[in-house]
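> got a predicted structure plus its sequence, pasted below:
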Amino acid sequence: MPELPDVEGFRRVLAEHTGEPITAVRVCDAGVLRGVTPRRLDKALRGRRFEPPRRHGKWLIAPADGPVLMLHFGMTGSLSWHGRGEPRHRHDRVVWSFPGGELRLRDMRKLQGVRLAADEDEAGRLLDDLGPDALAASREEFAASLAGRRGRLKSALTDQSLLAGLGNLLADEICWQALVSPLRDVRDLRDDEVAALYRTMRRVLREAVDEGRVPPRDTWLTGARDEPGRPCPRCGTPLSRRRIAGRTTVWCRTCQPG
DNA sequence: TGAATTGTTAAGAG
DNA sequence: CCTCTTAACAATTC
């Protein structure tokens, strides 16, 4: 699930448990650890408290009074709070224990995972290649990210080095709601189309963040994209689909010409 | 069995 | 240097 709205939800989960001391870090599956050992993760965090976490794109950044925990949820990760003794789920990979319960990183596919930066400088370097956060970007920053870019709109919107946070579902949803084809060459976009994309991105992100995911509503593309051949929720034209950069892109050839 | 899945990265082609 | 495509990672479902 994790695109920007999902990660924002995980950030809130963690934010509710800042200030409590971490009593232990248990690694159930080291396959999610990136550049850190179970022992070092536990040693670095045990006894410390998380400070208010922040998010940049799909990264969750959790300073802990020195070291900085960095989480990326890949395609199937989540972070959730559980009472002590709640039976473990088979995909719980790392558990942070607190006096009143525990945070669990659950992730079926283990495509990304957990990093530990020694300090804020190192954390910043890990995020160096990311563009501005999609929710924090101004209209000017958004336009600047697209300016000078060649290639398809879909590729640009999902390129984390241009704009951080949009994934496959969000990019298609934004293009569909903005009435712009994801196949369009970025260089050919008119100013009013770029403006429409920005406004639409803001609205879609706001609503998705409220729900903690891209909502699969009947009136949204996301509610119809799963089964091939479904009609466009807006005009009824059968939805088009095609693989771009290894990801399935869905759009309406009537609403989004070109 | 083959293909699909909301992410990222490397490698090779053009 | 830029952008495109594939494959790989891993687990699961249809």
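Alright, I've got the coordinates.
> give the contact list for the residue of the stretch 51-200 of chain A found nearest DNA strand B.
Nearest to DNA strand B, among the residues of the stretch 51-200 of chain A, is residue A:167, at 1.8 Å (CB to the nearest atom of the strand). No exception for glycine: its C-beta is placed from N, CA and C like everyone else's. Residue A:167 sits next to A:2, A:3, A:4, A:58, A:158 when contact means CB atoms under 8 Å, 6 or more residues apart in numbering.
> tell me the SS of the nearest residue to the fourth one once chain neighbours are set aside?
I take that to be residue A:58. Leaving aside its chain neighbours, residue A:58 sits nearest to residue A:7 (5.2 Å; criterion: CB to CB, 6 or more residues apart in numbering). Of the three states, residue A:7 takes helix under DSSP: H, G, I helix; E, B strand; the rest coil.
> these two touch, right, residue A:7 and residue A:61?
No. Judged on CB atoms under 8 Å, residue A:7 makes no contact with residue A:61 at a distance of 10.2 Å.
> residues contacting the residue in chain A that DNA strand C sits nearest to?
Nearest residue of chain A to DNA strand C: residue A:151, at 2.3 Å (CB to the nearest atom of the strand). Going by CB under 8 Å, 6+ apart, residue A:151 touches A:185, A:186.
> do you know how far it is from residue A:162?
11 Å (CB to CB, to the nearest Å).
> do residue A:218 as well
31 Å.
> common neighbours of residue A:7 and residue A:61, please.
Joint contacts of residue A:7 and residue A:61 (CB under 8 Å, 6+ apart) are residue A:55.
> who has more neighbours, these two?
The neighbour comparison of residue A:7 against residue A:61 (other CB atoms under 10 Å) goes to residue A:7, with 26 against 21.
> select the longest helix from chain A.
For chain A, the helix that runs over the most residues, judged by DSSP state H, is helix A:191-211.
> that one close to DNA strand B?
No. Helix A:191-211 does not reach DNA strand B (CB under 7 Å from any atom of the strand); its nearest approach is 10.1 Å.
> and the next helix or strand after that helix, what does it pack onto?
Sequence order places strand A:240-244 as the next helix or strand after helix A:191-211, per DSSP states H and E. Applying 3 or more CB pairs under 8 Å, 6 or more residues apart in numbering; DSSP states H and E, we find strand A:240-244 packed against strand A:247-251.
> which parts of the strand it packs on are buried?
Residues of strand A:247-251 classed as buried by neighbour count (16 or more other CB atoms under 10 Å): A:249, A:250, A:251.
> off-centre distance for it?
18 Å (CA atoms, centre = their mean, to the nearest Å).
> likewise for stretch A:61-79?
12 Å.
> do stretch A:237-255 as well
21 Å.
> who's in contact with that stretch?
For stretch A:237-255, using CB under 8 Å, 6+ apart, the contacting residues are A:152, A:154-155, A:158, A:168, A:172, A:175-176, A:179, A:181-183, A:221, A:224-225, A:228-232, A:234-235.
> try 7 Å this time
A:152, A:154-155, A:168, A:172, A:175-176, A:179, A:181-182, A:221, A:224-225, A:228-232, A:234-235 (CB atoms under 7 Å, 6 or more residues apart in numbering).
> give me the nearest residue to the residue of the stretch 1-150 of chain A found nearest DNA strand B, chain neighbours excluded.
Going by CB to the nearest atom of the strand, DNA strand B is nearest to residue A:1 of the stretch 1-150 of chain A, at 3.1 Å. Once flanking residues are discounted, residue A:1 sits nearest to residue A:213: 5.7 Å by CB to CB, 6+ apart.
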